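**Student:** sequence plus the predicted model coming up.
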Amino acid sequence: MEKSKHPIADMVFSLFCYFIALVIGGIGYLFYFLFGPFFLIGGLIAGFSGGFTNVVFYGFVFFLFGGFLIRIAQACGHGEFRKLVSLKYWMGKEETFKF
């Protein structure tokens, strides 16, 4: 492991990346675990009780949007902003975390 010439700047950048990942990931998990199931199950209940609803579609959209935000947060948390424009990253063929 090489030593950095600017350890304080690296620390500030890492904290910035973690903060951005925390905010984006928090919003993503909120959509994925709260809004998605709420609309999906609520739409199914309304649909089975006799009415036609497109709320189920909104539930799927919130699931997808939440997963998209979580994937962005994973890249930002490691400072790998270049991965966000890589098709390999979005297809899941490139590892997100390196241990």
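**Tutor:** Sure thing, it's come through. Here the structure is a predicted model, which means the values were calculated and not measured. Numbering: from 1, shown residues only.

**Student:** my read is that Leu44 contacts Phe57, right?
**Tutor:** No. Contact between Leu44 and Phe57 fails when scored by CB atoms under 8 Å: they sit 11.4 Å apart. For every residue, glycine as well, the C-beta is placed using N, CA and C.

**Student:** okay, and the common contacts of the two?
**Tutor:** When contacts are counted by CB atoms under 8 Å, 6 or more residues apart in numbering, Leu44 and Phe57 are jointly contacted by no residue.

**Student:** what separation do you get for Leu84 and Ala46?
**Tutor:** Using CB to CB, to the nearest Å, one obtains 37 Å as the distance from Leu84 to Ala46.

**Student:** which parts of the protein are helices?
**Tutor:** Residue ranges of the helices in the chain, as given by DSSP state H, are 7-30, 36-48, 55-77, 87-91.

**Student:** alpha carbons of the helix or strand of the chain with the lowest mean pLDDT, in CSV - could you do that?
**Tutor:** Evaluated with mean pLDDT, DSSP states H and E, the helix-and-strand set of the chain has its lowest mean pLDDT in helix 87-91, which scores a mean of 78. C-alpha atoms of helix 87-91 as CSV (Å, rounded to 0.1, in the frame of the first residue of the first chain):
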residue,chain,number,x,y,z
LEU,A,87,-21.8,-0.7,-18.6
LYS,A,88,-20.0,-3.6,-17.0
TYR,A,89,-20.8,-2.1,-13.6
TRP,A,90,-24.5,-1.7,-14.3
MET,A,91,-24.8,-5.2,-15.7
